[in-house]
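# What follows is a predicted structure for the sequence shown.
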Protein chains: 2
Amino acid sequence: MGAPPGYRPSAWVHLLHQLPRADFQLRPVPSGFAPREQEYQQALLLLAALAGLGLGLSLIVIAVYLIRFCCCRAPELPGSKSPSPGGGCVTWSCIAALLVGCAGIGIGFYGNSETSDGVSQLSSALLHANHTLSAIDHLVLETVERLGEAVRTELTTLEEVLEQRTELVAAARGARRQAEAVAQQLQGLAFWQGVPLSPLQVAEDVSFVEEYRWLAYVLLLLLELLVCLFTLLGLAKQSKWLVIVMTVMSLLVLILSWGSMGLEAAAAVALSDFCSNPDTYILNLTQEETGLSSDILNYYFLCNQAVSNPFQQRLTVSQRALASIHSQLQGLEREAAPQFPSAQKPLLSLEETLNVTEGNFHQLVALLHCRGLHKDYGAALRGLCEDALEGLLFLLLFSLLSAGALATALCSLPRAWALFPPRNPSALCNGSRLSEPLLPARLEPVSPPRSFPGCQRRPH
Amino acid sequence: MGAPPGYRPSAWVHLLHQLPRADFQLRPVPSGFAPREQEYQQALLLLAALAGLGLGLSLIVIAVYLIRFCCCRAPELPGSKSPSPGGGCVTWSCIAALLVGCAGIGIGFYGNSETSDGVSQLSSALLHANHTLSAIDHLVLETVERLGEAVRTELTTLEEVLEQRTELVAAARGARRQAEAVAQQLQGLAFWQGVPLSPLQVAEDVSFVEEYRWLAYVLLLLLELLVCLFTLLGLAKQSKWLVIVMTVMSLLVLILSWGSMGLEAAAAVALSDFCSNPDTYILNLTQEETGLSSDILNYYFLCNQAVSNPFQQRLTVSQRALASIHSQLQGLEREAAPQFPSAQKPLLSLEETLNVTEGNFHQLVALLHCRGLHKDYGAALRGLCEDALEGLLFLLLFSLLSAGALATALCSLPRAWALFPPRNPSALCNGSRLSEPLLPARLEPVSPPRSFPGCQRRPH
């Protein structure tokens, strides 16, 4: 009858967790999550550095390709009818690359929103846990105050009224002792009081960081979208300056894409290490930060049949004391009320206080039970390890697609640009020049049939 | 100290809820959610029918445009050098429309996954509620059985052992009465026992329907993606048959898009009506289906300070009876154990049973508290009214974009197709013909300068 089935590591977590990792000396590093150990930090940095390597390689490939294209160009015979070979293929491959880039942007938007969903699930779970913890503190404080007030006023009045009959005074004193015992037991239940760690603060910090992460990604995605669209526009309008500017921008976005890919890969791997066995790490961290006993933390973080409620003893003792107060008050009402009419009022008021205290006690039992807080813990883990990790993997896919697409576009754009015709002031379409992508043959009905050797290799 | 802030209707809910609605006689219909009333059903059907009207209008516009294009074509002079005017604009507008369609598809994928997320949140909340309700039943059953067993065996043995001393037998009889009273009180707490409504069944039904809805949308999105990509391919390769097939497919997808738009609009409006004030409807429906008292349902669905715990009385009585059993057993242990050593064993066993019963009682108090079930209710509402509604609105946007894009493509495709050059077997690019979108001028260095009147109006 513990909590319902909670968080289970997904297949992605297992897969990423099994990737080999190494430190700067290329010695293997164990894949347990240990963000404070230097070896583990080095392994993550090395992973991020792989993206830098990828960027360097792709820049070298682009540079070699373009240099070869510029220097090894076959000399064109003036007046020759043979078209610049590969022209169609170059432009279409550029368009295809930009389309792939756009698909990647769509995936990136999805991944960004998924990550943001996961993190907001984490922070809402933290807020909910904070609400439960402060509700416990508040309820304990209120109940203890109410009991103390009853002891100070009604029970004192009662003892004064009944002072002629010592056995009734003894019963009232017994009720006072029990009430003080209940107050003392209850005070021990406010376990989060004075703990330096506030889930509210953690939730706010997480939301703050996430807000900026989300915004940075949206800006990157919009930048890439604009680059793709303006490049397409530049190709359509055959505007050299637009294509040149967009080539430079593509280079910038390529660098940003590789950079974000490195960050995402390191974050995904670290998250998978954390998510493959979160309980141990979280238990240790919380114990360090809060100084709470491991009984209490185990109860809330594990919440299964094997872990007994650390407050069971206190709850049972309080419950028995409350019942005993009730029977003592009932005895007093039977014995004293007929003889001392002025005892009626404080007795009724005491019974009212007792009823409220019993109601608060049941609320406290419900709040202290591990179900609620463990459910928040499960929701936080699911947000982080399912939604946020999935979002990170989609962002990784976006970075990969966009790096590939931009590298292809960077190879093709200068070639496409070199093939643009010279400016022709008469070629205006409502004030703007638009190339005609598909209609070359109809336009020159008298020109000789054209051949499109297209992708054939050029002789050197 | 009730539940933390729960579900609040979003701005979208308010906006959609305020739209005017009318029945078939165009009389205004109140916007409260009443799916069983004929007027309300008619209002939703009318809303869905608006999409049919939109489809009809867009088909008429396309037909008029194409007929005008076919019949009012200006006769071309053979050998004239003027290019077919508007050709570039036609193809580029077709490409732009298809790009808008692709963006719409991305939005559709996002909306579909968001809706699916919302519905799966709803069904996981239902599963969690089912777990809580069956845990209550199970715990009550187990505790009652354990108490009955203790009464039948240990207390009977105890009475037999102590039969020489009547006051001790009377104490044991008192404990038996109290235990029977506790068992009876506890049985009244299993409030969901015998209720014909199973949240598990509802969750399974919801997941079943959602699975097919999700699949249908994925198929529609993939179909539209394929149509867009193959149309682009057809334009690039200037393949007449591909463009004709894709024109027909576009028409089919246009009809599907308008159909889905009607369904989405009706669903979004109905959902907004439900979400603007879900408590009343859900309370009435649950009361009808389960026959539970409104006290209990109000407690769980509202869960605020104003509604008192309907089980408070039973819980307090049980708690007092348990404490009284405890004090009677302690009295017996003091009095009887020294005189009757054979009473030791049943007394210890009874105390063990009492401890377990008190532990179970605390669990029961926690499970019965409205916090847990109300949190599930809030999660279900948030899933349905935030994520699922947001997803539906994205799907609506997808349908709008794709209807617009496909209508534009349907206007442009036949014109682009009519402008394709006749097949030329020599124009091969590695076995496939590729048009050259941007390089007309370089290819014909000797042809006279071409003008691109493009978007200029053709004379009739």
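Received, thanks. Numbers count the residues shown, from 1 in each chain, chains lettered A, B, ... in the order given.

# where's A:Gln25, which helix or strand?
Using DSSP states H and E, A:Gln25 maps to neither a helix nor a strand.

# tally of neighbours for it?
7 (other C-beta atoms under 10 Å in any protein chain shown). C-beta: built from backbone N, CA, C; applies to glycine.

# what's it in contact with, if anything?
Listed by C-beta atoms under 8 Å, 6 or more residues apart in numbering or on different chains, A:Gln25 has no contact partners.

# could you redo the last one with a cut-off of 10 Å?
Residues near A:Gln25 by C-beta atoms under 10 Å, 6 or more residues apart in numbering or on different chains: A:39, A:42.

# Need phi/psi at it.
phi -90, psi 10 (degrees, to the nearest 10).

# same check, this time on A:Pro28
Dihedral angles for A:Pro28 - degrees, to the nearest 10 - are phi -60, psi 140.

# And the strands in the stretch 151-300 of chain A, which stretches?
Counting by DSSP state E, counting those that start in this stretch, the stretch 151-300 of chain A has no strands to list.

# That one against chain B: which residues are in contact?
A:225, A:228-229, A:232, A:234-238 (C-beta under 10 Å from any C-beta of the partner chain).

# Those in helices, which ones?
Filtering these for membership in helices, criterion DSSP state H, returns A:225, A:228-229, A:232, A:234-237.

# So how do I select the buried members of the residues you listed in ChimeraX?
Buried members of those can be picked out in ChimeraX with the line below, counting by 16 or more other C-beta atoms under 10 Å in any protein chain shown:
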select /A:225,228,232,234,235,236,237
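
# pLDDT added to the ones in helices among the residues of the stretch 151-300 of chain A next to chain B, as a markdown table?
Shown next, in a markdown table, are these (pLDDT from 0 to 100):
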| residue | pLDDT |
| --- | --- |
| A:Leu225 | 90 |
| A:Cys228 | 88 |
| A:Leu229 | 86 |
| A:Leu232 | 83 |
| A:Gly234 | 85 |
| A:Leu235 | 82 |
| A:Ala236 | 77 |
| A:Lys237 | 79 |
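
# Next, the closest residue to A:Thr157 other than its chain neighbours: phi, psi?
Spatial nearest neighbour of A:Thr157, chain neighbours left out: A:Pro346 (4.6 Å); criterion: C-beta to C-beta, 6 or more residues apart in numbering or on different chains. Per-residue torsions, A:Pro346: phi -60, psi -30 (degrees, to the nearest 10).

# any idea where the helices of the stretch 251-400 of chain A begin and end?
A:278-290, A:294-302, A:312-339, A:344-368, A:370-382, A:389-418 (DSSP state H, counting those that start in this stretch).

# so where is chain A shaky, pLDDT-wise?
Applying pLDDT under 70 to chain A picks out residues A:1-5, A:73-88, A:422-460.

# so which helix or strand takes in the residue most central in space within it?
Centroid check for chain A by C-alpha atoms, centre = their mean gives A:Val119 as the closest residue, at 2.4 Å. Assessed by DSSP H and E, A:Val119 sits inside helix A:87-150.

# do that helix and chain B meet?
Yes - remark: helix A:87-150 sits within contact range of chain B at A:87-96, A:99, A:102-103, A:105-107, A:109-110, A:113-114, A:117, A:121, A:124, A:127-132, A:134-136, A:138-139, A:142, by C-beta under 10 Å from any C-beta.

# A:Phe420 in helix, strand or coil?
The assignment at A:Phe420 comes out as coil when based on DSSP: H, G, I helix; E, B strand; the rest coil.

# Can you verify my assumption that the residue nearest to the centre of chain A contacts A:Tyr212?
No - counting by C-beta atoms under 10 Å, A:Val119 does not reach A:Tyr212; the two are 11.7 Å apart.

# re the thing from before, pull the most distant pair out of the ones in helices among the residues of the stretch 151-300 of chain A next to chain B.
Farthest-apart pair in these is A:Leu225 and A:Lys237; separation 18.4 Å (C-beta to C-beta).

# list the contacts for A:Gly259?
Counting by C-beta under 10 Å, 6+ apart, A:Gly259 touches A:48, A:51-52, A:55, A:220, A:399.

# Quick check: it vs A:Gly54, distance?
Using C-beta to C-beta, to the nearest Å, we find A:Gly259 at a distance of 10 Å from A:Gly54.

# In space, what's closest to the residue nearest to the centre of chain A - neighbours in sequence excluded?
A:Glu210 is the one closest to A:Val119 (C-beta to C-beta, 6+ apart), at 4.3 Å.

# burial of the one you found, as a residue count?
Counted with other C-beta under 10 Å, A:Glu210 comes out at 18.

# same deal with A:Lys375?
For A:Lys375, the count of nearby residues is 23 (other C-beta under 10 Å).

# Repeat that for A:Pro196.
8.

# list the contacts for the residue sitting furthest away from the middle of chain A?
Distance from the centre of chain A peaks at A:Gln164, with 68.8 Å (C-alpha atoms, centre = their mean). Residues near A:Gln164 by C-beta under 10 Å, 6+ apart: A:339-340.

# same thing with A:Gly359?
Shown in contact with A:Gly359 (C-beta under 10 Å, 6+ apart): A:143, B:308-309, B:312, B:315-316.

# Just among those, which is most surrounded?
Going by other C-beta under 10 Å, A:Thr143 tops these with 25 neighbours.

# Does it touch A:Leu354 like I think?
No - A:Thr143 is beyond contact range of A:Leu354, at 11.2 Å (criterion: C-beta under 10 Å).

# Residue of the stretch 201-350 of chain A nearest chain B, please.
In the stretch 201-350 of chain A, the residue that lies nearest chain B is A:Ala323 (3.1 Å; C-beta to the nearest C-beta).

# Next one: that residue relative to B:Val61, how far apart?
Taking C-beta to C-beta, one finds A:Ala323 at 81 Å from B:Val61.

# Equivalent analysis for A:Arg8, please.
On the measure of C-beta to C-beta, A:Arg8 and B:Val61 end up 54 Å apart.

# cool, and A:Glu358?
73 Å.

# For the two, work out which one has more neighbours and name it.
More crowded of A:Glu358 and B:Val61, by other C-beta under 10 Å: A:Glu358, with 21 against 13.

# list the contacts for the closest residue to that one other than its chain neighbours?
Spatial nearest neighbour of A:Glu358, chain neighbours left out: B:Thr316 (5.2 Å); criterion: C-beta to C-beta, 6+ apart. Residues counted as contacts of B:Thr316 (C-beta under 10 Å, 6+ apart) are A:322-323, A:326, A:354-355, A:358-359, A:361-362, B:185, B:309.
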